[in-house]
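Student: model this:
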Amino acid sequence: MDFLVDDTTTELTGLVRDMGERLVTDESLRELDARFGPGAESGGTDRSTARVHSRFWEELVRAGVPAALGPESLGGAGLGVVGEALVMRELGRVLAPVPLSPAIRGAWVLEAAGLTDRAASVAEGREVAAVADGSAPEADWAPVADVILRAGDDGLRLADRGAVQVERTVPVDFSCSGLVSGDLGAPTPLPAGAAEYDALRHRVHLAAHQWGVVEAALERTAAYATTRHQFGRPIGSFQAVSARLADGMIDVDAVRLSALRAAYELDACSGQPGPAADAAVAAAHFWACDAGHRLAHTAVHVHGGVGLDRSEPLHRYFLAAKAGEFRLGGATRQLLDLGEVLAGHGDPWEARA
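Tutor: Predicted coordinates:
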């Protein structure tokens, strides 16, 4: 399988990385924590108190990143889910709290439902979307969204933010999320398989974001191990520490390869996901959960007590990795899903061997 990407994807991911490293600094995240983070959970329910990096989001919109990842009919660059995954990885690396994933998903499902004008508004960043999964009452970014969407087998339901009630929740990483109640309106028909495809796309976004989180956490931990001395030596020179960091590199590679495989399978299925896509996404989620759990704890253990201190940026990576694991549903859930695919369809890749 060829995971090489074209020049457009490389340039876009490079742009997002440059902007993220320049704008989403540890200091800017500390400021967001003061607004809505540890100890400030009850500090209001409007946009001014939401944990969203407004400046980075505005720069992403100005640079046309959400639009580039949107449908080609709306001016998108046709980078596929692989391109989306690579950009989501960059957001995970800097822990950027911006509503890019729902912007991508919202533009695609709105366009699939024939709501082109609304799709363009979301893709271009003129409106913030929140996309609820199935019948789940909670939706990421609902407290700051302009439009709430829910794609299901019966079609696409949507409502303006003012037409529904949103109760802000407090995820473990203090990200922006809320419980949505109220009438989302009558469903607009969607093409067959569109809702399932959107759900799988969301899962790939989550796995790719987790890839970025654990990759950056390991890099920070390895750098710390070269500067922290014990018994007159860098702790990274101790076999137990170096071996654990080496295991972490293997885990990061597993998350990377499985996330890209899942994105590739979604691009290859032409909007009609089957066993191969289902299995690939379940495998990606297993590694994102299992490896994410191990790497989060490795990072904290190598840092010692300072790893969970709020003055140390690493604590945000630990919380982000755990939140990603919870959102993905846990490793056991993914193995059950993968087992169902294998039991019902056999090895979906056997014919390609």
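Student: drop to CA atoms for contacts and neighbour counts, all remaining ones
Tutor: Fine.
Student: May I have the predicted confidence score for residue 1?
Tutor: What the model reports as pLDDT for residue 1 is 61.
Student: after the helix or strand containing residue 109, next one along is what?
Tutor: Element membership of residue 109, judged by DSSP states H and E, is helix 100-112. Downstream of helix 100-112, the first helix or strand assigned by DSSP H and E is helix 116-123.
Student: Quick one: mean pLDDT for that following helix?
Tutor: For helix 116-123, the per-residue pLDDT averages 98.
Student: In that helix, which residues are buried?
Tutor: By neighbour count with 16 or more other Cα atoms under 10 Å, helix 116-123 contains the buried residues 116, 118-123.
Student: is it possible to export these to CSV including distance to residue 191?
Tutor: CSV is the format used below for those (distance: Cα to Cα, whole Å):
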residue, distance to residue 191
116, 15
118, 17
119, 16
120, 19
121, 21
122, 20
123, 20
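Student: Return the member of those residues nearest to residue 227.
Tutor: Residue 227 has its nearest neighbour among those in residue 123, at 43.8 Å by Cα to Cα.
Student: can I assume that closest one is in contact with residue 105?
Tutor: No. Contact between residue 123 and residue 105 fails when scored by Cα atoms under 8 Å: they sit 9.1 Å apart.
Student: quick one, what contacts the nearest residue to residue 64 once chain neighbours are set aside?
Tutor: Nearest residue to residue 64, sequence neighbours excluded (Cα to Cα, 6 or more residues apart in numbering): residue 124, at 7.0 Å. Residues near residue 124 by Cα atoms under 8 Å, 6 or more residues apart in numbering: 61, 64, 66-67.
Student: just residue 263 next, same as before
Tutor: Counting by Cα under 8 Å, 6+ apart, residue 263 touches 81-82, 85, 201, 204, 281.
Student: one more time with 10 Å
Tutor: Contact partners of residue 263, counting by Cα atoms under 10 Å, 6 or more residues apart in numbering, are 3, 80-86, 200-201, 203-205, 207-208, 257, 277, 280-281, 284.
Student: buried subset of the residues you listed?
Tutor: By 16+ other Cα under 10 Å, the contacts of residue 263 give 80-86, 200-201, 203-205, 207-208, 257, 277, 280-281, 284 as buried.
Student: In helices, which of the residues you listed appear?
Tutor: Cross-referencing the buried ones among the contacts of residue 263 against helices under DSSP state H gives 80-86, 200-201, 203-205, 207-208, 257, 277, 280-281, 284.
Student: which element follows the worst-scoring helix or strand of the chain on mean pLDDT toward the C-terminus?
Tutor: In the chain, the helix or strand scored least confidently by mean pLDDT, DSSP states H and E is strand 229-230, which has a mean of 83. Heading C-terminal from strand 229-230, the first helix or strand you meet, by DSSP H and E, is strand 233-234.
Student: Show me the shaky parts of this protein.
Tutor: Along the chain, the parts satisfying pLDDT under 70 run over 1-3, 42-46, 351-353.
Student: hey, where'd the helices end up in it?
Tutor: So, for the chain - with DSSP H - the helices run 7-23, 26-36, 54-62, 65-68, 80-94, 100-112, 116-123, 194-227, 239-268, 275-303, 314-328, 331-345.
Student: Quick one: list the elements packing against the shortest one.
Tutor: Spelled out, it's helix 65-68. Helix 65-68 makes packing contacts with helix 7-23, helix 54-62, helix 80-94, helix 100-112, helix 116-123 when contacts are defined by 3 or more Cα pairs under 10 Å, 6 or more residues apart in numbering; DSSP states H and E.
Student: Residue 157 is in contact with residue 182, isn't it?
Tutor: No. If you go by Cα atoms under 10 Å, residue 157 and residue 182 don't touch, sitting 11.7 Å apart.
Student: Which one's more surrounded, those two?
Tutor: Taking neighbours as other Cα atoms under 10 Å, residue 157 and residue 182 compare with residue 157 leading, 20 against 10.
Student: returning to that earlier point: quick one: closest of the helices of the chain to residue 48.
Tutor: Across the helices of the chain, closest to residue 48 is helix 26-36 (Cα to Cα), at 8.2 Å.
Student: for that closest one, packing partners?
Tutor: On a contact count with 3+ Cα pairs under 10 Å, 6+ apart, helix 26-36 meets helix 314-328.
Student: coming back round to it: just so I know, which of the helices and strands packed on helix 65-68 lies nearest residue 293?
Tutor: With Cα to Cα as the measure, helix 80-94 is the member of those nearest residue 293 (15.3 Å).
Student: so the closest one versus helix 26-36, what angle?
Tutor: Orientation check (axes from the mean of the first three to the mean of the last three Cα atoms, to 10 degrees): helix 80-94 against helix 26-36 gives 90 degrees.
Student: roughly how far out does helix 80-94 sit from the chain middle?
Tutor: In terms of Cα atoms, centre = their mean, to the nearest Å, the centre of helix 80-94 is set 8 Å apart from its chain centre.
Student: Would you mind giving the contacts of residue 124 as CSV with distance to residue 341 added?
Tutor: Formatted as CSV, the contacts of residue 124 follow (distance: Cα to Cα, whole Å):
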residue, distance to residue 341
61, 38
64, 38
66, 33
67, 34
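Student: Generate a PyMOL selection restricted to the buried subset of the residues you listed.
Tutor: A single PyMOL command is used to select the members of the contacts of residue 124 judged buried by 16+ other Cα under 10 Å:
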select buried, resi 61+64+66+67
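Student: Understood, closing this out.
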